[in-house]
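> Just need the structure, nothing else, for what follows:
(4 chains, ligands or ions: 2)
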Amino acid sequence: MSRDVAIAGVGMHPWGKWGKNFVEYGVVAARAALADAGIPWPDVDLIVGGETVRNGYGGYVAGATFAQALGWNGARVATSYAACATGAQALDTARARILAGMSEVALVVGADTTPKGFLAPNAGERWDDPDWLRFRLLGMTNPAYFALYARRRMDLYGATSEDFAQVKVKNAKHGLSNPNARYRKEVAAHEVLESAIVADPLHLLDICATSDGAAAVVLCSVEYAQKLAQKHGSGDLVRIKAISTVTPTFPNTIIDMPLMSTDSSAVAGVPERTFKESIGDAAYEEAGISPEDVDVAEVYDLSTALELDWIEDLSLCKRGEAEQLLRSGDTTIGGRIPVNPSGGLACFGEAVPAQALAQVCELTWQLRGQAEGRQVEGARVGITANQGLFGHGSSVIVAR
Amino acid sequence: MSRDVAIAGVGMHPWGKWGKNFVEYGVVAARAALADAGIPWPDVDLIVGGETVRNGYGGYVAGATFAQALGWNGARVATSYAACATGAQALDTARARILAGMSEVALVVGADTTPKGFLAPNAGERWDDPDWLRFRLLGMTNPAYFALYARRRMDLYGATSEDFAQVKVKNAKHGLSNPNARYRKEVAAHEVLESAIVADPLHLLDICATSDGAAAVVLCSVEYAQKLAQKHGSGDLVRIKAISTVTPTFPNTIIDMPLMSTDSSAVAGVPERTFKESIGDAAYEEAGISPEDVDVAEVYDLSTALELDWIEDLSLCKRGEAEQLLRSGDTTIGGRIPVNPSGGLACFGEAVPAQALAQVCELTWQLRGQAEGRQVEGARVGITANQGLFGHGSSVIVAR
Amino acid sequence: MTATPAIDGWFTTGDAPALLGSKCTTCGTVFFPKTTGFCKNPACSGEEFTETELSRRGRVWSYTDAQYQPPAPYIPASDPYVPFALAAVEIPEGLVVLGQLAAGFGVADIKVGDEVELVVETSYVDETGERSIWKWRPVSVEPVETTGGAQ
Amino acid sequence: MTATPAIDGWFTTGDAPALLGSKCTTCGTVFFPKTTGFCKNPACSGEEFTETELSRRGRVWSYTDAQYQPPAPYIPASDPYVPFALAAVEIPEGLVVLGQLAAGFGVADIKVGDEVELVVETSYVDETGERSIWKWRPVSVEPVETTGGAQ
Ligand SMILES: [Zn+2]
Ligand SMILES: [Zn+2]
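Numbering: from 1, shown residues only, chains lettered A, B, ... in the order given. Ligands and ions are numbered 1, 2, ... in the order given. Got it, this is the predicted structure:
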C-alpha cells in the first residue's frame, strides 16, 4: 500500500503585521491553495485547522472557524495543536484520513496573529503550569533557551557570533524576492552584531520576530491527484513521503521550553538519539530515504544558531560541522544543500500554527520549479523541521 | 477494506470535584484503559490527547502532556480540540492512523478540571470573538441556549416541565450504581420542579453541572486485537463502526452557541437535515446500519430537554415523539431503547474533553455485559451523540 | 435616544431602528452580523456586499430568560441585578436573530410564532455613558408594570 | 536567610541548601521538580517516591543572560531592572537543572563544563516579603563588584 498523499495545492497570506483577524488570513490562504489545486471548496470533504491559542474561542476551534468562514459545506472537521509543530500535526491528521480511504480531498489551514515582544504565558497564577513557573521563578524567556543552545555551540564547536550573523545574512538574501515574506531587505553581518544583545550570545537580529500570517495546503489521494492532472494538465506530482510527529524517548536529556530541568539518564541511560535527532530519523525511515537524498531543507530558525543545530539534527552534516557548511556556502542557494531558501523565519517571523505549513508550501514551489528568484535548481526531495514545545516537533519530507 | 477498529480497553477517573490537576486524572484513566486492554504503555505507538483550554499550556498540548506524564516512549502524538466533541475527534484521529496502517495501538485520553458556575469566556476584550460578544451584548449564557430548545419543545410538541424532570429522574436512577458517576442519588420529579429556575423553563436540576473527570480508550487494529484476544482470552470484540465529525451544511438554520444569529435560508434553501440530524445520519451511513439497529444510546444531556432533542436527532423516534418515548418508559433501562444508562451528564457533570470518550467507555462496558447495576441486556449496537459549539458535534457507533 | 450603541455598525437608532446586515451582491444572501471577504454561501463565489437594513418585524422562534446574572463580560443594567428575557426571532430574510426582550416584557408575554418588533433601548452604562442595544418588543401586548424583564 | 522560598518544597535553605527531588523506590530514577503518581520511566511501574536532596555541585551545560526584563509573571528583583545570568547545570544524578547565576556573576564568568554550586538568594519582594530562589554560583571565581548579574 502506498503511503503517499499528493499535494494538490498550496497557498499563503503574506506574512506581516496587518492588524486583521486570523480568520481572514486563513481564508485568503485557503482560497489561494484551492485555486492552485483547481479544486472548488464544495469538493473538499475534510478541513483541518491549526489551532491558535491567542485568538479567543474561534482560535481553539480553528478548523470549524475556517469551515464556517469558507461557507459550511458539510465536510468533516478537525483541529490540531502541537505548538510550533501544529501545522505538521494537522497535515498528519489529514493524511491519515486520506490514506485510510475516509477522505479524498483535505484542506489544511493555519493562521495566526501574534502579539509584540516576548511570547508570555496567559494571565493568571498557575503554580502547576511549567510554562508559567519558568517565567515566575527564573525569568526564563524563549530567547534564553535559544541562547543556551547557541552558547553551547560556541563553547563546544567554536561557533562565533559572526557565524550566527552569517545565517541571517544568507536567509535575508534568500527571502529578498519572496512575495510572502515580511522582511525583504539585505542584512549585513555588522548590522546583526551591532544590534542589541537580547540573551547572550544572541542579538536582536539573531532572533526571529512574531508575525501575522497564514498558509494552507490541499492534500488528496494520489489517485484523485492523477485524475485532477488529466483535467488540468499539471505535471509532476509533489507527494508527501513522511510526516514525523514522534515524541521523545525517556530520558529526554536536552533542556527544552518550557521546562526547568531534563529527565535523568542515570538509570535509564542516554538514548541513542536526542529528541530532535529522532524527529528527522523517523521522517527518513518513513520516507525510505537517507539524508544524502535531500536537495533542500526548510528548518525552524527561531534563532540563527538554531538553524545550525537543525542542520545537524537532520543529519545533513555531522555534529559540530554546520558552521563549516555555512562558511563554505553549502547552505546558500546554489550550494550543496540550500537551507531556508524561502528566507526562513528570519524573513517571515513566526506565526505558530501556520509555520510548518508554510515550510511545506515553500518546498512544493521549490519542487515544482515555481520558486521564482529563490529557486533551488532541480530540487526533487525536500525536508522540513520544526521546533516544538513539550515534546512536540515535526519533520515533513516531500518529493516528486 | 474493513473500516473497523477495535476497542482494546477503556478506563476512567471517577467524575467529581477533586481539586487536582487534569494530568493526574488523565493518567489514572489512561492506566486503567491500558490495564483493561492488557497492553503495556511502551507498546502504545500513538497517543492522542483531548485538549482542555482552561489548564494552561499543558492543556493545549494535552497529548504530549499525557505522554510525558506516562513516561516518554517515543510514540507519535496528536492533540485534538472540538469543544464538547473533542473526545470523538481525538478518537477519529487515532482511528484514521490505525486504518491507514500507520499506527497499531493508540491511546486516546481526555481529562478536565472545570470551574464553578457558568462557563464564561476567557478574560480580555475581544470585539471580534462571538463567544465574548454574546455575553457582552446579550448576556446569553449556555443554559439560555438550552432553554431556547426546551421552550420550543413545549410550544411545538407539548412537552412539560414534568417531562423534563422525568429525564432527570430516569438518569439519576440509571447512574445510582455507576462507580464513576459523581452524583449517585435518586432524584424525585418535585425536587427538579422545586429547584430554582435558571433560564426559563429550565430549573437548576435540569442543567448538568461541570465536573473534574477523565476517560481513556485504547484503540487498535482488528488484527492486533485478535492476537491480543488469543493471549488474554477475551471474548467478543467491541468495534468502532463509525465516528461522525461532520460540519453543518449551509445554511445552518438552528441557532447554536455561541452565535447570535443563524445563516439565512432565503437563497440557499432549507437543508434536508438540520446539523444535529446530519451528525447521526453520517454515523449511520458510515456504519451501514439504521436507527432500528441501535440497542442503547448515550447522548449529551447538557439539559434534560436536550436529551429529548437528541433522541429525535438520532432518529430513535420521530420528531416530536420523544416525550411519548420517555413517558412510556422506553428510554429507561429495560425499555425499547435505553438512553444514558450511565446516568449521563445528569450524574456525571460535564468534563468537556473527556465526555465523548466517557460515552464510548460506557457503551463498551454495555456491549461487553460489564455494566454492573445498569446493564442493558443483550446490547450489541450502541450510539453516542455530542453537542458541540461552532459547528462541532459528533456521533460514535460501536458494535460487537 | 441619547445612548451610544454598545457596538458600532450593527444597528440603526431613531424612530424605526433596524439591524444592519450584509447582502451578497452575487447571490443575494443576507448575513447578520455583517460579513466581509468571501460570501459564506459555499455555492457562491461573491466577494462584494452591500449594507442592508433587516426587517424590523419577525416571529418568535423561541424564548427564555436569565434569572441569574450572567458572568462578565456581561454588564448588568442595574444593581441589584434584575432578570431579563431573551428571544430568538425569525425574520423574513430567512434567518434567526437573538435579542433581549424589551424592558417590561417577560417569557409569559410571548409564544413561539408571535410577532415582535425591533426596538433599541439602553442596555448598560459604562465609562463612556449609556450604551444601547437592539431588543425585541412583542407587538400585541403591553409591557407589565414592573422594572424587570422577567415575569 | 530571612526570605521565604518563592515556591514551597522545591529546595532547602540554610548553610548548605539543596534542591529537593523525588527518587523512585522501584527503579531509582531521580526527578526534579518532585513527581507523584507514576514513575515517568516508561520501563518502570513504580508509584512510590522518596524525597531526595540533589547534589549541590554540577557542571555548566550552557548559559546565557536576560538583558531585557522578562514579561510577567516574572517579578523583577529591582527597579530599574538589572540583567541577570542563567545557567543550565548538569548534576551527578544525570539531569540538567536551570537556575539564575548568583548575584554578581555574569556570562563572562563561566564556560561549558565549569563547576558551580547551589546557593539560595533573595529573588524578589512581593506582598508577603522577600522571596528566595535557588541559584548557581561559580566555584572558582569571585563575584565582580557590581550590583547586576550581567557583565
Ligand atoms: Zn453570495
Ligand atoms: Zn521508577
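
> Can you check the pLDDT for the residue lying farthest from the centre of chain A?
Going by CA atoms, centre = their mean, the residue of chain A most distant from its centre is A:V267, 34.2 Å out. Reading off the confidence values, A:V267 has pLDDT 95.

> From D:G46, how far off is it?
11 Å (CB to CB, to the nearest Å). Heads up, the C-betas are built off the backbone N, CA and C, glycines and all.

> what is in contact with these two at once?
Common contacts of A:V267 and D:G46, defined by CB atoms under 8 Å, 6 or more residues apart in numbering or on different chains, comprise D:C27.

> Residue 16: neighbouring residues, count only.
Picking chain A for this. 18 (other CB atoms under 10 Å in any protein chain shown).

> that answer is for a different chain, and I need it for chain C
11.

> just the one 4 residues further on next, same as before
For C:L20, the tally of surrounding residues (other CB under 10 Å) stands at 17.

> can you map out the strands along chain C?
C:4-5, C:20-24, C:30-31, C:49-53, C:57-66, C:84-91, C:95-101, C:115-126, C:129-138 (DSSP state E).

> would JSON lines of the ones you listed with mean pLDDT be doable?
Below are the strands of chain C laid out as JSON lines (pLDDT from 0 to 100):
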{"stretch": "strand C:4-5", "mean pLDDT": "95"}
{"stretch": "strand C:20-24", "mean pLDDT": "98"}
{"stretch": "strand C:30-31", "mean pLDDT": "98"}
{"stretch": "strand C:49-53", "mean pLDDT": "98"}
{"stretch": "strand C:57-66", "mean pLDDT": "98"}
{"stretch": "strand C:84-91", "mean pLDDT": "98"}
{"stretch": "strand C:95-101", "mean pLDDT": "98"}
{"stretch": "strand C:115-126", "mean pLDDT": "95"}
{"stretch": "strand C:129-138", "mean pLDDT": "96"}
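
> State the three-state secondary structure for A:P14.
strand (DSSP: H, G, I helix; E, B strand; the rest coil).

> Return the set of buried residues in stretch C:73-87.
C:73-77, C:81-87 (16 or more other CB atoms under 10 Å in any protein chain shown).

> let me redo that: stretch A:7-22
A:7-16, A:20-22.

> Tell me who's in contact with residue 128.
No chain was given, so I picked chain A. Per CB under 8 Å, 6+ apart, neighbours of A:D128: B:21, B:56.

> oops, I was thinking of chain C
Neighbours of C:T128 in contact, by CB under 8 Å, 6+ apart: C:T4.

> Going by proximity to ligand 2, name the top residue of chain C.
C:P71 (43.9 Å; CB to the ion).

> That residue reaches B:F135, doesn't it?
Yes - look at C:P71 against B:F135 with CB atoms under 8 Å: they come within range, at 6.8 Å.

> More neighbours: those two, which one.
B:F135 (21 against 15).

> leaving aside the residues next to it on the chain, what's closest to the residue of the stretch 1-150 of chain A found nearest ligand 2?
Closest to ligand 2 within the stretch 1-150 of chain A is A:P130: 20.6 Å, counting by CB to the ion. The shortest distance from A:P130 to any non-neighbouring residue, by CB to CB, 6 or more residues apart in numbering or on different chains, is to A:P258 (5.0 Å).

> dump the residue contacts of the one you found.
By CB under 8 Å, 6+ apart, the contact set of A:P258 is A:130-131, A:133-134, A:140, A:389-390, B:57.

> What is the most widely separated pair among the buried residues of stretch C:73-87?
Within the buried residues of stretch C:73-87, C:P73 and C:A87 form the most distant pair, 21.3 Å apart (CB to CB).
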